[in-house]
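Q: After the sequence you'll find the predicted model.
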Amino acid sequence: MTIIEETTPDEWQDRERYWIQHYKDTGAPLTNTSEGGKGGSGPHTEEAKRKISRGRKGMKFTEEHKERLRQRKAKLYNSKRGQELIEQYSRDYGKLSDEQVVEIWLLAHQGIPHVNIAKMYNTPDSTVSEISTNKRYKHVTRPEFPLFEGLDIDKEK
């Protein structure tokens, strides 16, 4: 991907329409289904989700491609904009309360497998992982260690 322009939240819709039309006029093989400025096509229908799923079944990515994806993800996570997006997502779209985030963080730091915690809170295990490593829900204050000092907890279990 190549960034062709950065804009403000107030102007992005007009600029998206402009660039889609610009590239259509030049004959670029765009796949846009609208003139732009609508923020995507909205949630997919169940039938569309099934079609997408069928189309992706069996897809294999090369190790080189996977590595490039990992590098891009790491670059985004480490950028200021990436951190802002993660925090904004956590605040606006997260379905977990601040109390649940703290509970998940505590459970993860007690060694309970992320997949088990995810089932308890009906959330993806990637969310549990990102909460436990402070990549998501950064606005929620976590307890400080040594948290379990003086408690009779068998850490080997």
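A: Here it is on my side, so go on. Numbering: from 1, shown residues only.

Q: Now name the helix or strand holding T31.
A: Taking DSSP states H and E as the definition, T31 sits outside all helices and strands.

Q: and if you look at G58?
A: Under the criterion DSSP H and E, no helix or strand holds G58.

Q: Only the buried residues of the helix or strand harbouring E47, if you could.
A: The secondary structure element spanning E47 is helix 46-56 (assigned by DSSP H and E). By neighbour count, with 16 or more other Cβ atoms under 10 Å as the criterion, helix 46-56 contains no buried position. All C-beta spots, glycine's among them, are computed from the backbone N, C-alpha and C.

Q: Likewise for stretch 102-113?
A: Taking 16+ other Cβ under 10 Å as the neighbour-count basis, stretch 102-113 is seen to contain the buried residues V102, E103, I104, W105, L106, L107, A108.

Q: on contacts alone, who are the packing partners of the longest helix belonging to the chain?
A: With secondary structure taken from DSSP state H, the chain has its longest helix at helix 63-78. Contacting helix 63-78 under the criterion 3 or more Cβ pairs under 8 Å, 6 or more residues apart in numbering; DSSP states H and E are the following elements: helix 80-92.

Q: average model confidence for the helix it packs on?
A: Per-residue pLDDT values across helix 80-92 average out to 74.

Q: cool, and stretch 20-37?
A: Throughout stretch 20-37, pLDDT has a mean value of 80.

Q: got a list of contacts for it?
A: The contact list for stretch 20-37, computed with Cβ atoms under 8 Å, 6 or more residues apart in numbering, reads W12, Q13, D14, E16, R17, W19, S41.
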